[in-house]
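[1] build me a model from this:
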Amino acid sequence: MKEQQHLETERDLQRQVDTCKSNTWRYEGCYRDSERRVLSLMSEAADMTREKCAATCTKYKYYGVEFARYCFCGNSFEAPTEQIAESNCNTKCVGSSDMCGGGWALSMHAKEV
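    Sure thing, here's the model as predicted:
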């Protein structure tokens, strides 16, 4: 019994390590943000792209770009959120022609394992 629990714990930890090491991201959709912020770590860049944000957030499980220039990272959602229509994430990144969220709208990505 204890050995089985140990093996399950070991597998869970390995999945977490694999998630952190992964550099492959999957687009999850457009999500509503709020003043409490869905993802906790934030950076801003005058040349923001999705790739730049992904590189900034490499040690995290999620990243989201918002309102053309803001990048958010986190391992879990820090505030309640919901998926919203893609039309809310229609602002182009300042550093590329990709879409980088919108006003209070995150273009959300998750690491693939």
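[2] how far away is Ser97 from Thr24?
    Between Ser97 and Thr24 the computed distance is 22 Å (C-beta to C-beta, to the nearest Å). Backbone N, C-alpha and C define where each C-beta goes, glycine included.
[3] ok, Glu66 next?
    The gap separating Glu66 from Thr24 is 22 Å, by C-beta to C-beta.
[4] and these two? Which one has more around it.
    Glu66 (28 against 8; other C-beta atoms under 10 Å).
[5] what about the closest residue to the more buried one other than its chain neighbours, how many neighbours?
    Using C-beta to C-beta, 6 or more residues apart in numbering and skipping the chain neighbours, the partner closest in space to Glu66 is Gly101 (3.8 Å). As a burial measure, Gly101 scores 28 neighbours (other C-beta under 10 Å).
[6] show me what contacts Gly101?
    Contacts for Gly101 were tallied using C-beta atoms under 8 Å, 6 or more residues apart in numbering; they are 30, 33, 64-68, 70, 89, 91, 107.
[7] show me which of those are buried.
    Neighbour counting by 16 or more other C-beta atoms under 10 Å classes 30, 33, 64-68, 70, 89, 91, 107 among these as buried.
[8] which among those residues gets closest to Ala54?
    Val65 (9.2 Å; C-beta to C-beta).
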